[in-house]
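Chemist: predicted structure and sequence below. I'll ask about it afterward.
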Amino acid sequence: MPLSLPRRRWPVIVVTLLALSTGAPASAVPAGAQDGAAPTVQAGPGLVYSGLSAERTGACAGMFRVIGLSSTMCTHGPDPAPAGLSVTRSVAPLPARTATAAAPLALPVCEGDGTSGRRVEVLYVRGSTSRYSQYLETFRQLAEQVDVIFNESAKATGGERHVRYVTETVGGACRPVVRDVQIPDAALNANDWAPLLNAVKAAGYARTDRKYLQFVDANIYCGIGGFAGDTRKSDANRSNTGPEYARADNGCWTAGVAAHELGHTLGAVNNNAPNASGAAHCVDEYDVMCYKDGPNVVLRYSCPSQALDQRLDCNHDDYYHTDPPAGSYLATYYNVADNLFLIKGGPTNPPPVTNLALSATASASYTSAWESVLAINDGIDPPSSNDTVNRRWGTWPNTGQQWAQLTWSAAQSVRVADVYFFDDNGGVRLPASWSLQYWNGTAYVAVPGASGFPLAANQYNRVTFTTVSTTRLRAVLNSGAGSVGLLEVKVTS
């Protein structure tokens with residue numbers, strides 16, 4: 001069965017919080033908690049809010065607190081079923097298959113004795129009726145596919161991460177343990193998560209060094225997960241402790257839903273992230289953790305390949321990067337890739353970087369008769385800004401605002417530009433300032449979220465920005481001490 005998480009398309013309707021407790025009295029917000037407005041309540045199948053308290057202060061500020069537990073547990077609330085799934089209809093067992101690289105019949109990396117230390121433990125939670133033998137192989141495969149999602153996402157940033165499961169040897173292969181946990185039918189089928197959680201804890205699954213991935217044989221939720229909302233970049237972050245629980249009911253037994261709910265328990269997505277929805281999700285599709293989770297949420301398709309619906313963190317700038325750039329959000333705030341329940345590895349060989357400028361057609365506002373605009377994307381790295389060997393683009397004697405443009409035959413997703421300025425210490429000098437614009441279909445507009453526009457000779461000047469999909473990218477140069485020019489432009493995604 002392919003890894004599939006179709007987009008959630010249930011209508012989103014805000015309802016009044018009449019049925020919800022107002023929660024505990026206001027208190028000092030602990031370190032890392034995000035104080036703010038009460039969370040949004042949605043209506044739809046599987047969106048059960050009974051037993052959840054909308055919190056404005058305290059450890060669960062801006063989220064929900066699960067009522068009826070002996071210790072505080074926060075959650076972002078229930079998630080709707082993806083398109084193609086139904087909360088009321090159980091998924092079928094996965095068919096028998098042979099191992100593939102994308103969906104192995106074993107975990108590629110196991111660690112230690114399979115039980116010691118921080119681990120994710122897979123539970124099949126049922127009542128008096130058991131389908132354990134029928135679905136055991138399905139649960140193993142789903143857990144292994146979740147590991148694929150986490151590791152393939154890590155590879156995209158040059159690293160390696162695996163879910164540290166509780167494991168056992170099956171047929172000579174290391175595979176996740178799946179516990180058969182029977183609880184009272186009343187707790188299993190309650191329209192409230194707390195009775196099930198209390199029953200599971202009473203059965204012995206309450207270790208502080210465990211995240212519990214629950215495949216629940218009920219039809220109450222699609223999925224729901226605990227979420228700390230802690231932004232601190234520290235091993236003391238509450239996302240690094242347990243017990244914590246991720247739940248998927250039988251209508252949503254898929255790798256995508258399981259990865260989504262486990263992602264919440266590991267700390268995705270904090271509400272101060274650059275592309276946060278404000279309700280523990282993200283808005284820059286495609287991404288396992290992104291969807292429209294409120295009526296005022298507007299999605300952006302910054303990563304237009306729908307295959308990324310099975311990967312974590314579009315652009316790797318919100319919650320998952322194995323080696324975030326210095327000064328970036330993930331270098332400053334909590335990063336799920338640092339979670340202590342993951343096995344860390346790498347660096348692996350980073351993915352090849354394609355210079356998209358090489359496939360573009362260059363043009364300019366003006367080009368001196370003896371220069372060539374073709375210089376800007378000929379793939380030749382200049383020896384210096386006063387390159388007297390290779391082609392150059394210059395605008396002497398014209399001054400003022402000038403531009404050089406790259407045009408593609410089809411839209412490209414771009415987020416990084418490296419610009420090498422031409423400066424001959426004579427009539428062509430460094431610009432006084434510069435910027436990047438892209439064609440949005442009707443006009444040239446500034447690239448969003450630009451990191452800045454440095455001005456230095458004899459080197460590439462890099463600007464990063466929020467990913468845009470465009471057929472045209474334009475460097476706009478404002479002259480200073482002379483005319484302006486460029487030697488090379490590189491563009492990457």
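Modeler: Done, it's in.

Chemist: please parse this structure into its domains.
Modeler: Each domain of the chain is listed here as a residue range: 17-345, 356-492, per automatic domain parsing.

Chemist: for those domains, which one ends up most surrounded?
Modeler: Mean neighbour count (mean count of other Cβ atoms under 10 Å) peaks for domain 17-345 among the domains of the chain, with a mean of 20. Every C-beta, even on glycine, is put in place using the N, C-alpha and C of the backbone.

Chemist: ok so, going back, could I get the domains of the chain in a markdown table, plus columns for mean pLDDT?
Modeler: Output for the domains of the chain, formatted as a markdown table (pLDDT from 0 to 100):
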| stretch | mean pLDDT |
| --- | --- |
| domain 17-345 | 89 |
| domain 356-492 | 95 |
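
Chemist: helices along the protein, start to end?
Modeler: Residue ranges of the helices in the chain, as given by DSSP state H, are 132-155, 185-188, 193-202, 255-265, 329-332.

Chemist: gap between the two ends of stretch 358-377?
Modeler: From its first residue to its last, stretch 358-377 covers 6 Å (Cα to Cα, to the nearest Å).

Chemist: show residues contacting stretch 266-276.
Modeler: Contacts to stretch 266-276, defined as Cβ atoms under 8 Å, 6 or more residues apart in numbering, come from residues 34, 36, 62, 211, 227-231, 237, 239, 263, 277-284, 289-290, 300, 302, 312-315, 317-320, 329, 333-334, 336, 339, 341-342, 449.

Chemist: quick check on residue 390: phi, psi?
Modeler: When quoted as degrees, to the nearest 10, the phi and psi of residue 390 stand at phi -100, psi 170.

Chemist: ok, now which ones touch the residue lying closest to it once chain neighbours are set aside?
Modeler: Nearest residue to residue 390 in three dimensions, chain neighbours excluded: residue 380, at 5.0 Å (Cβ to Cβ, 6 or more residues apart in numbering). With contacts taken as Cβ under 8 Å, 6+ apart, residue 380 has the following neighbours: 390-391, 488.

Chemist: take those and write them to a markdown table, including distance to residue 139.
Modeler: Shown next, in a markdown table, are the contacts of residue 380 (distance: Cβ to Cβ, whole Å):
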| residue | distance to residue 139 |
| --- | --- |
| 390 | 60 |
| 391 | 61 |
| 488 | 53 |
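
Chemist: from these, pick the one nearest residue 49.
Modeler: Set against residue 49, the nearest of these by Cβ to Cβ is residue 488 (56.1 Å).

Chemist: any idea how far the closest residue to that closest one other than its chain neighbours is from residue 239?
Modeler: Spatial nearest neighbour of residue 488, chain neighbours left out: residue 420 (4.4 Å); criterion: Cβ to Cβ, 6+ apart. For residue 420, the distance to residue 239 equals 42 Å [Cβ to Cβ, to the nearest Å].

Chemist: in the stretch 151-300 of the chain, which spans are strands?
Modeler: Using DSSP state E, counting those that start in this stretch, the strands of the stretch 151-300 of the chain run over residues 160-163, 167-170, 173-176, 178-182, 210-216, 223-225, 244-249.

Chemist: next one: residue 242 from residue 58, what distance?
Modeler: To residue 58, residue 242 is 20 Å away according to Cβ to Cβ.

Chemist: quick revisit: what residues are up against the residue nearest to residue 488?
Modeler: Counting by Cβ under 8 Å, 6+ apart, residue 420 makes contact with 381-382, 385, 459-461, 486-489.

Chemist: from the residues you listed, which land in strands?
Modeler: Secondary structure assignment by DSSP state E places 460-461, 486-489 of the contacts of residue 420 in strands.

Chemist: my read is that residue 67 contacts residue 53, right?
Modeler: Yes - in terms of Cβ atoms under 8 Å, residue 67 counts as a neighbour of residue 53; the distance is 5.3 Å.

Chemist: and the closest residue to residue 267 other than its chain neighbours, what does it touch?
Modeler: Of all residues not flanking residue 267 in the chain, residue 239 sits nearest, at 3.4 Å (Cβ to Cβ, 6+ apart). Applying Cβ under 8 Å, 6+ apart to residue 239 gives the contacts 228, 230, 265-267, 334, 336, 339.

Chemist: quick one: the residues you listed as JSON lines, columns for distance to residue 324 too.
Modeler: As requested, these are arranged in JSON lines below (distance: Cβ to Cβ, whole Å):
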{"residue": "228", "distance to residue 324": "20"}
{"residue": "230", "distance to residue 324": "17"}
{"residue": "265", "distance to residue 324": "21"}
{"residue": "266", "distance to residue 324": "16"}
{"residue": "267", "distance to residue 324": "14"}
{"residue": "334", "distance to residue 324": "11"}
{"residue": "336", "distance to residue 324": "11"}
{"residue": "339", "distance to residue 324": "14"}
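
Chemist: which among those residues gets closest to residue 425?
Modeler: Closest to residue 425 out of the contacts of residue 239 is residue 334 (48.0 Å), distances taken as Cβ to Cβ.

Chemist: residues touching residue 260, list them.
Modeler: The contact partners of residue 260, taken as Cβ under 8 Å, 6+ apart, are 5, 79, 223, 225, 288-289.

Chemist: sorry, slip of the keys, the one I care about is residue 325.
Modeler: Applying Cβ under 8 Å, 6+ apart to residue 325 gives the contacts residue 331.

Chemist: and with 6 Å instead?
Modeler: By Cβ atoms under 6 Å, 6 or more residues apart in numbering, residue 325 lies in contact with nothing.

Chemist: any idea how far it is from residue 335?
Modeler: In this structure, residue 325 lies at 12 Å from residue 335, with Cβ to Cβ as the measure.

Chemist: same check on residue 225?
Modeler: 18 Å.
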